[in-house]
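# Sequence isn't available, so here's the structure alone:
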């Protein structure tokens with residue numbers, strides 16, 4: 001009998017399989033221990049920390065050096081970057097002679113200096129190196145890292161703890177919280193300091209754990225780490241001691257905008273992190289003996305007590321947590337599991353051979369590629385005739401949409417030309433008529449595994465779809481433009497069909513500005529969700545649009561407002577929205593959630609000249625009964 005597994009359960013199924021066939025030892029990461037790794041090393045063998053986001057080994061290394069008697073002048077550290085290579089070389093040369101330790105941080109940033117590092121390590125010999133000498137390196141995984149150094153070294157990695165409980169426990173058992181002098185460092189204000197200290201550690205765990213939910217947690221996965229927490233704790237103690245009242249505004253600004261916020265480059269992530277922090281830095285935390293951190297009350301700020309009482313409280317917390325503690329819907333667990341499965345399969349594909357073998361295998365691969373190329377070429381229509389389009393839809397002062405249509409046709413023509421030429425050349429290369437260039441090999445490799453080739457993606461609108469769905473979607477977009485060309489401007493625009501959505505949105509405002517002679521920079525868009533999925537008449541002003549989806553929420557057609565997602569429904573179709581240009585000062589956001597709109601569910605893009613991500617389209621104001629912060633924590637968009 002055939003059994004199937006849902007894509008969201010693949011990782012768990014693989015884990016169970018490995019445990020059953022190989023044993024539990026292969027699914028549990030060993031505890032991190034510098035002392036054990038140190039015993040395996042010697043003077044000519046570097047020790048490498050392979051970094052991961054959210055883990056910073058330097059504090060632990062400094063403490064270990066102190067314990068071994070290599071603190072102060074016997075321990076030299078330098079962060080590599082531009083111009084730091086020669087300084088690092090001198091440090092190593094001096095340490096080799098006097099037997100001290102050297103730590104080179106962020107080796108991955110010094111790509112040009114890596115060959116010299118390789119030469120330095122190759123020259124180490126027991127005769128010339130002091131037996132007490134040790135070279136410590138920290139680096140993120142890098143394809144340029146010298147292989148010989150990796151092979152002849154002790155490699156360590158310290159993953160950040162998984163789960164709120166483990167994260168909280170680590171925060172409380174590492175410096176500075178575990179230091180009695182620090183924990184009891186606010187005499188007379190113990191309750192204020194201890195409660196806010198626990199809240200801050202909880203906030204630290206929350207912002208790190210949100211990364212696991214992908215774009216719903218953070219648009220960009222930030223490397224929040226222990227140094228952010230450490231400086232925030234020290235500032236908290238300083239301000240509590242300095243002020244007679246609770247200085248919430250000061251510590252909120254420093255923690256949310258500077259220490260943690262300093263890493264945040266996306267405006268919507270900044271809104272999210274400040275909203276999260278307001279849950280934990282509040283007067284109620286100090287005065288309420290059981291201030292709830294989650295709706296169920298499973299997580300709360302414990303009553304003020306001694307250090308051991310907090311440790312015991314943390315130990316009694318559940319090992320795994322529900323999404324509610326993050327302010328999220330239960331559906332995000334499904335999103336996270338789907339993301340994990342996608343990552344697992346992508347990693348597995350990287351281990352596969354990239355080209356077909358010889359003989360019959362190679363022949364069948366070539367036939368498969370020919371069939372795929374022929375199929376795609378048969379589906380793509382002929383390019384748009386731009387001259388005809390300009391003649392039928394000339395540049396008109398009162399109708400900017402003519403220009404939008406022509407420009408969109410030009411963009412899609414360029415994309416289709418790239419797709420068609422690469423497929424035709426691939427077919428020729430398979431027949432031996434042209435050389436199979438590297439770019440064509442990459443196209444072939446992607447087609448065989450059902451991925452959109454990178455060559456196409458570079459010339460395409462953002463898309464996360466696999467190859468088959470991408471082509472179907474592309475053809476539908478081309479048909480939308482063809483129908484517009486044949487039948488005049490549509491009554492309701494499929495807004496997600498545009499290659500460059502901002503041109504359409506600007507066109508909507510420009511038509512209004514010219515009609516009523518208002519400067520366009522004084523205008524913005526207001527929004528009204530209509531109780532229908534399509535509409536067959538033009539609005540007096542603005543435009544009707546469809547084709548948008550809600551993530552982490554749904555649209556309640558009866559109450560005409562945002563509502564909680566239905567169980568196991570990750571995306572909800574939004575009805576027709578009326579884009580209504582209006583003067584900025586007349587647009588109200590009261591009782592509304594300002595929701596960002598993205599081109600893909602990845603949300604992340606490159607930072608563009610507008611200051612926004614290239615994936616970001618615009619912000620839409622949607623009516624809501626619940627407060628805005630509810631949907632911010634949900635990650636609704």
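Nice, thanks for sending it over. Note that the structure is a prediction, hence the values are computed from the model and not measured.
# For residue 21, give its distance to residue 6.
22 Å (CB to CB, to the nearest Å). All C-beta spots, glycine's among them, are computed from the backbone N, C-alpha and C.
# if you count what's nearby, which of the two comes out ahead?
residue 6 (11 against 8; other CB atoms under 10 Å).
# quick one: contacts for that one?
By CB atoms under 8 Å, 6 or more residues apart in numbering, residue 6 lies in contact with nothing.
# After whichever strand or helix holds residue 104, which helix or strand is next?
Using DSSP states H and E, residue 104 sits in strand 101-105. Per DSSP H and E, strand 101-105 leads on to helix 114-122 as the next helix or strand towards the C-terminus.
# Identify each buried residue in that following helix, please.
114, 117-118, 120-121 (16 or more other CB atoms under 10 Å).
# Which strands or helices does the helix or strand just after that helix pack on?
Following helix 114-122 in sequence order, the next helix or strand is strand 134-139 (DSSP H and E). Counting contacts by 3 or more CB pairs under 8 Å, 6 or more residues apart in numbering; DSSP states H and E, strand 134-139 packs against strand 47-50, strand 101-105.
# So for the shortest one, mean pLDDT?
Summarised as a single mean, pLDDT over strand 47-50 is 91.
# by contact count, what packs against the helix or strand of the chain with the lowest mean pLDDT?
Among the helical and strand segments of the chain, the one scoring lowest on mean pLDDT, DSSP states H and E is helix 359-379, with a mean of 83. With contacts taken as 3+ CB pairs under 8 Å, 6+ apart, helix 359-379 sits against helix 401-431, helix 438-448, helix 467-487.
# mean pLDDT lowest for which of those helices?
helix 438-448 (a mean of 93).
# So what's the gap between that one and the chain middle?
27 Å (CA atoms, centre = their mean, to the nearest Å).
# same thing with stretch 79-86?
With CA atoms, centre = their mean, you get 29 Å for stretch 79-86.
# Ends of that stretch, what's the gap?
12 Å (CA to CA, to the nearest Å).
# where's residue 593, which helix or strand?
Going by DSSP H and E, residue 593 is in strand 592-598.
# Now do the helix or strand just after that strand: which elements does it pack against?
Tracing the chain past strand 592-598, the next element assigned as helix or strand by DSSP H and E is strand 616-623. Judged by 3+ CB pairs under 8 Å, 6+ apart, strand 616-623 is in contact with helix 501-516, strand 523-529, strand 561-563, strand 592-598.
# ok, and what's touching the next helix or strand after the second one?
So the one you mean is strand 523-529. Downstream of strand 523-529, the next assigned helix or strand under DSSP H and E is strand 543-546. The contact list for strand 543-546, computed with CB under 8 Å, 6+ apart, reads 491-495, 504, 508, 530, 533-535, 538, 574-579.
# Buried subset of the residues you listed as a ChimeraX selection?
Listed next is the ChimeraX selection for buried residues among those, using 16+ other CB under 10 Å:
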select :492,493,494,495,504,508,530,574,575,576,577,578,579
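# all helices of the stretch 201-350 of the chain, in order?
Along the stretch 201-350 of the chain, counting by DSSP state H, counting those that start in this stretch, helices occupy 226-242, 248-253, 267-280, 283-287, 307-315, 332-350.
# Can you list the buried residues in the second one?
Going back to what we said before, that points to helix 248-253. Those would be 248, 251-252, for helix 248-253 by 16+ other CB under 10 Å.
# quick one on the thing from earlier: neighbouring strands - and their directions - for the strand holding residue 104?
Sheet partners assigned to strand 101-105 using DSSP bridges are listed as strand 75-79 (parallel), strand 134-139 (parallel).
# okay, those strands in TSV with mean pLDDT next?
As requested, the strands paired with strand 101-105 are exported to TSV (pLDDT from 0 to 100):
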stretch	mean pLDDT
strand 75-79	91
strand 134-139	92
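# Which one of these lies nearest to residue 168?
Distance to residue 168, taken as CB to CB, is lowest for strand 134-139 among the strands paired with strand 101-105, at 25.1 Å.
# And the next helix or strand past that closest one?
helix 147-151.
# and that next one, what other elements does it pack with?
Partner elements for helix 147-151 (3+ CB pairs under 8 Å, 6+ apart): helix 114-122.
# same for the helix it packs on, what does it pack against?
Against helix 114-122 (3+ CB pairs under 8 Å, 6+ apart) you get helix 85-98, helix 147-151.
# what angle separates it from strand 101-105?
On the basis of axes from the mean of the first three to the mean of the last three CA atoms, to 10 degrees, helix 114-122 is oriented at 160 degrees to strand 101-105.
# Quick one: mean pLDDT for helix 114-122?
On average, helix 114-122 scores 91.
# can the helices and strands packed on helix 114-122 go into JSON lines with extra columns for distance to residue 56?
Shown next, in JSON lines, are the helices and strands packed on helix 114-122 (distance: least, CB to CB, whole Å):
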{"stretch": "helix 85-98", "distance to residue 56": "20"}
{"stretch": "helix 147-151", "distance to residue 56": "21"}
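# Quick one: those as TSV, columns for mean pLDDT, mean neighbour count and distance to residue 345 too.
What follows is these, written out as TSV (pLDDT from 0 to 100; neighbours: other CB atoms under 10 Å; distance: least, CB to CB, whole Å):
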stretch	mean pLDDT	mean neighbour count	distance to residue 345
helix 85-98	91	16	39
helix 147-151	89	13	26
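# Most tightly packed of the strands paired with strand 101-105?
Among those, strand 134-139 has the highest mean neighbour count (mean count of other CB atoms under 10 Å), at a mean of 24.
# Now do that strand: everything it contacts.
38, 41, 43, 46-51, 57-58, 61, 92, 95, 101-108, 121, 145, 149, 153.
# Drop the exposed ones from the residues you listed and show what's left.
Applying 16+ other CB under 10 Å to these flags 43, 46-51, 57-58, 61, 92, 95, 101-108, 121, 145, 149, 153 as buried.
# before we move on, the earlier item: for whichever helix or strand comes after the least confident helix or strand of the chain, packing partners?
Heading C-terminal from helix 359-379, the first helix or strand you meet, by DSSP H and E, is helix 386-392. Under the contact definition 3+ CB pairs under 8 Å, 6+ apart, helix 386-392 sits against helix 401-431.
# do that again at 10 Å, thanks
helix 401-431, helix 467-487 (3 or more CB pairs under 10 Å, 6 or more residues apart in numbering; DSSP states H and E).
# Quick one: work out the angle between the first one and helix 467-487.
With the same axes, to 10 degrees defining the directions, helix 401-431 sits at 140 degrees from helix 467-487.
# How far away from the center of its chain is helix 401-431?
The answer for helix 401-431 is 31 Å, by CA atoms, centre = their mean.
# ok so, going back, and the least confident helix or strand of the chain, what's buried?
365-366, 369, 372-373, 376.
# Show the contacting residues for residue 47.
34, 37-38, 40-41, 61, 101, 103, 134-138, 153-156 (CB atoms under 10 Å, 6 or more residues apart in numbering).
# hmm, 6 Å instead?
41, 136, 154 (CB atoms under 6 Å, 6 or more residues apart in numbering).
# Residue 441: which of these is nearest?
residue 154 (38.0 Å).
# My read is that the closest one contacts residue 42, right?
No. Using CB atoms under 6 Å, residue 154 is not in contact with residue 42; the gap is 9.3 Å.
# Comparing the two, which shows the higher neighbour count?
residue 154 (18 against 13).
# May I have the beta-bridge partners of that one?
residue 47.
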